[in-house]
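*Asks:* My questions are about this predicted structure, shown below with the sequence.
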Amino acid sequence: MDIPALVYNDVNWRIFTVTAIGFLLVSRVVKLANGLKAVNFLPGIRIPFQPLSVMGLILPESPWNPGLLFTWSWRHTRNLYELYGNDTVSIVPYLSGVPTLYTQSLDVTRQVVTAGHRSATFGKVDELNRALLFWGPSVASTERDMWKKHRRIVGPAFNNETYALVWASSQNLYADMLTAEGWDDRNMVDVSSVQALTLKFSLIIIATCGFGLPYTWVTPPSDGGKITIQECLETIARTGVFTIAAPGWAWKLPFKWIRQTRRAYDSMRSFIFTQIQERREALHASSDREKDVFSRLVEANEAEGGKMALKDDELIGNVFSLLFAGHETTSHTLAATLGFLALHEDIQDEVAAQVIEVIGEREALFEDYPKLDKVLAAFYEAARMFPSGLFLVREAKQDTTLTLEVGGVRSVIPIRKGTHVIVDMIGVQYNLKYFTEPDEFRPSRWYAKSDSDGQGKEDLTESDGVTAFGVGPRACLGRKFSTTEAVCLLSLLLRDWRIEPLLAPRASAGGAKSSPVLETREEWHARVMEATMGLTLGVKNVPLRFIRRMG
Ligand code: HEM
């Protein structure tokens, strides 16, 4: 009997579909089994996508797709470390992404980030560095000998002269900001989002002290006046996932937002390129040396010469990584510090008293910095509670081992090449082993047994000090740049202003229109002091009221 062609095709399609589904299922089961072996069956969750994979980032957060920020949003409700009774847990995806360990253990952090870097068993993950590598290799994105070459040139640009310049510029910019924002003759100022000020502040500081550009509060950095660098960075922050994930052809798609993204990237590149050219010419034309990081970098590079000198794309890569690393991080942490100080009047009074005792009415001097340890401590504590570098992500570059506590027993477990290990900074910095009452904003953790650089405090019996800035040889190069700027700005603000939460009217407020019922401070705390993600982790928009301190 002849089988009609239609039925025959239908049967073929069914066989094809069933075979394809079968194949897919088997391949996913094999992927899961290999993933479980790669992490040596360490307890944890098995989900479709690894949280940092493209699908994990794009799809909305749910119990089966934790999302980028689950270490924050699940920390009280579905804390994986508590659930599995270990400071290191596994996340093994069966559809896409790499088997991964998440850790909140400082011991594992040191094995991976410090010892792993030295022995080359662990290194940074190229795919996740794509957003940075886009600009060219840099000190933040390279490994091994290349990293040493970059660090050798970039590292010395961060020195005491640079920090003195940061201090002086922060002081001038603060005065400039008060005048330009019309605060000079006001006794009370309401700010709906303090980030509008801190983002601009840290961008101008990095532009002036990082790159020696003559920008002010009224004329911020721009690409020849066409588009401001702030706008470029905002676009780049919004489209970070696209940059990491998109193949080359996707950049040519005819969508408005892709065109805008391309424009932001092109403007940034031309801005940075022009700066490098100008600085080179200035260097050759005059024997006077500028003090900004960028001039020192170009100067060191010219002096180095030959094989050890950085090429133009490497210089651009470094400039961008400094702009990238030094802008939002400091700004977010400043906003969080101000938010917490507004909430905790007693702590604010204590810190302000130190500022008034040290600086009083006179000009703030860079020499005051070590005496303002309570201001620094408030900034460190905010960095602990909102670590802008959310994760330290590393990849096993070869088959290796880690020593972990599993079910209370210290064991050596094999880790396969390609496995990711993510140091979860929220986990570490809210870990009861290192911080008592971690949900409390308590700057005294950092100065009870303080020295000026923040090492060896009451709580941190076994930590590397301020982990928010990373640990080991790859720790933050801009830490003191950031703390100098922060201590100066916070001191000036606290000396001149009392800071309060700007309370919003209750949605269902029943009061008269002239005096609406306001939310409580607790409600403000719950509404505002929540994490959000730009290029880096930060706090939501912080609304504040500044009231001038009299006499
Ligand atoms: C609150 C402010 C800041 C925080 C919390 C912070 C945090 C961090 C962290 C956690 C790392 C290590 C990343 C890793 O190991 O994967 C890092 C590296 C780095 N940071 Fe920062 N950072 C801040 C400000 C700055 C500033 C202001 C600059 C520059 C002006 C800067 C430049 C860098 C550079 C160049 C690296 C790479 C160092 C290397 O790999 O050798 N950071 N930062």
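*Replies:* On my side now, so go ahead. Numbering: from 1, shown residues only.
*Asks:* Model confidence for the residue in the stretch 451-551 of the chain that the ligand sits nearest to, exactly?
*Replies:* Nearest to the ligand in the stretch 451-551 of the chain, going by Cβ to the nearest ligand atom, is residue 478, at a distance of 2.0 Å. Using the backbone N, CA and C atoms, a C-beta is placed for each residue, glycine as well. Looking at residue 478, its pLDDT reads 93.
*Asks:* of all the residues in the stretch 301-450 of the chain, which ones are close to the ligand?
*Replies:* By the rule Cβ under 6 Å from any ligand atom, the part of the stretch 301-450 of the chain lying against the ligand is 321, 322, 325, 326, 329, 330, 333, 383, 388, 389, 392.
*Asks:* Tell me which of those fall in strands.
*Replies:* Of the positions in those, residue 392 sit in strands, assigned by DSSP state E.
*Asks:* Out of the residues of the stretch 301-450 of the chain next to the ligand, which end up buried?
*Replies:* Burial by neighbour count, judged by 16 or more other Cβ atoms under 10 Å, picks out 321, 322, 325, 326, 329, 330, 333, 383, 388, 389, 392 from these.
*Asks:* would you turn those into JSON lines with pLDDT?
*Replies:* Below are those laid out as JSON lines (pLDDT from 0 to 100):
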{"residue": "321", "pLDDT": "82"}
{"residue": "322", "pLDDT": "83"}
{"residue": "325", "pLDDT": "82"}
{"residue": "326", "pLDDT": "82"}
{"residue": "329", "pLDDT": "93"}
{"residue": "330", "pLDDT": "96"}
{"residue": "333", "pLDDT": "97"}
{"residue": "383", "pLDDT": "96"}
{"residue": "388", "pLDDT": "94"}
{"residue": "389", "pLDDT": "91"}
{"residue": "392", "pLDDT": "94"}
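*Asks:* Closest one of those residues to residue 215?
*Replies:* residue 326 (14.8 Å; Cβ to Cβ).
*Asks:* can you pull the contacts of that closest one?
*Replies:* Contact analysis of residue 326 by Cβ atoms under 8 Å, 6 or more residues apart in numbering lists 202, 206, 210, 478, 481, 482.
*Asks:* residues near the first one, how many?
*Replies:* This points to residue 202. Using other Cβ atoms under 10 Å, residue 202 has 25 neighbouring residues.
*Asks:* do the same with the last one
*Replies:* Using other Cβ under 10 Å, residue 482 has 25 other residues around it.
*Asks:* rewinding a little: please determine how far the nearest residue to the residue of the stretch 451-551 of the chain closest to the ligand once chain neighbours are set aside is located from residue 381.
*Replies:* For residue 478, ignoring the flanking residues on the chain, the nearest one in space by Cβ to Cβ, 6 or more residues apart in numbering is residue 326 at 5.0 Å. Note on residue 326: its distance to residue 381, by Cβ to Cβ, to the nearest Å, is 20 Å.
*Asks:* try residue 372
*Replies:* In terms of Cβ to Cβ, residue 372 sits 14 Å off from residue 381.
*Asks:* These two: which is more packed in?
*Replies:* Neighbour comparison, residue 372 and residue 381: the larger count goes to residue 381, with 28 against 23 (by other Cβ under 10 Å).
*Asks:* could I get the residues of the stretch 301-450 of the chain next to the ligand as a markdown table with distance to residue 266?
*Replies:* Supplementary listing: these in a markdown table, determined by distance: Cβ to Cβ, whole Å:
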| residue | distance to residue 266 |
| --- | --- |
| 321 | 18 |
| 322 | 20 |
| 325 | 21 |
| 326 | 22 |
| 329 | 25 |
| 330 | 26 |
| 333 | 30 |
| 383 | 33 |
| 388 | 27 |
| 389 | 28 |
| 392 | 31 |
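*Asks:* Can you tell me which of the residues of the stretch 301-450 of the chain next to the ligand is nearest residue 468?
*Replies:* Proximity of these to residue 468 (Cβ to Cβ) peaks at residue 383, which lies at 3.8 Å.
*Asks:* tell me the contacts of that closest one?
*Replies:* Counting by Cβ under 8 Å, 6+ apart, residue 383 touches 333, 336, 466, 468, 469.
*Asks:* Apply 7 Å and report the result again.
*Replies:* By Cβ atoms under 7 Å, 6 or more residues apart in numbering, residue 383 lies in contact with 333, 466, 468.
*Asks:* Residue 155 now?
*Replies:* Shown in contact with residue 155 (Cβ under 7 Å, 6+ apart): residue 477.
*Asks:* Distance check, it against residue 272.
*Replies:* With Cβ to Cβ as the criterion, residue 155 and residue 272 are 20 Å apart.
*Asks:* Got phi/psi on residue 531?
*Replies:* Torsion angles at residue 531 (phi, psi; degrees, to the nearest 10) stand at phi -80, psi 150.
*Asks:* and the closest residue to it other than its chain neighbours, how many residues sit next to it?
*Replies:* Ranked by Cβ to Cβ, 6+ apart and with sequence neighbours excluded, the top spatial neighbour of residue 531 is residue 72, at 4.4 Å. Residue 72 has 21 neighbouring residues, counting by other Cβ under 10 Å.
*Asks:* from memory residue 72 sits against residue 426, does it?
*Replies:* Yes - the pair residue 72 / residue 426 is scored as a contact, 5.4 Å apart, by Cβ atoms under 7 Å.
*Asks:* and the residue in the stretch 101-250 of the chain that the ligand sits nearest to, how many neighbours?
*Replies:* In the stretch 101-250 of the chain, the residue that lies nearest the ligand is residue 140 (3.9 Å; Cβ to the nearest ligand atom). Other residues near residue 140 number 23, with proximity taken as other Cβ under 10 Å.
*Asks:* can you check the one 4 residues further on too?
*Replies:* Neighbours of residue 144 under the rule other Cβ under 10 Å: 11.
*Asks:* Kindly report the residues of the stretch 451-551 of the chain close to the ligand.
*Replies:* 468, 469, 470, 474, 475, 476, 477, 478, 481, 482.
*Asks:* Closest one of the residues you listed to residue 136?
*Replies:* Among those, residue 477 lies closest to residue 136 (Cβ to Cβ), at 17.0 Å.
*Asks:* Let me know the distance separating the closest residue to that closest one other than its chain neighbours from residue 206.
*Replies:* Spatially, and ignoring its direct neighbours in sequence, residue 477 is nearest to residue 158 (5.8 Å; Cβ to Cβ, 6+ apart). To residue 206, residue 158 is 12 Å away according to Cβ to Cβ.
*Asks:* Repeat that for residue 533.
*Replies:* Distance, residue 533 to residue 206, using Cβ to Cβ: 21 Å.
*Asks:* Tell me which of these two has more neighbours.
*Replies:* More crowded of residue 533 and residue 206, by other Cβ under 10 Å: residue 206, with 29 against 16.
*Asks:* isn't there a strand covering that one?
*Replies:* No - the assignment for residue 206, made by DSSP: H, G, I helix; E, B strand; the rest coil, is helix rather than a strand.
*Asks:* pretty sure it is touching residue 327, no?
*Replies:* Yes - if you go by Cβ under 7 Å, residue 206 and residue 327 touch, sitting 5.5 Å apart.
*Asks:* Kind regards, and thank you for your time.
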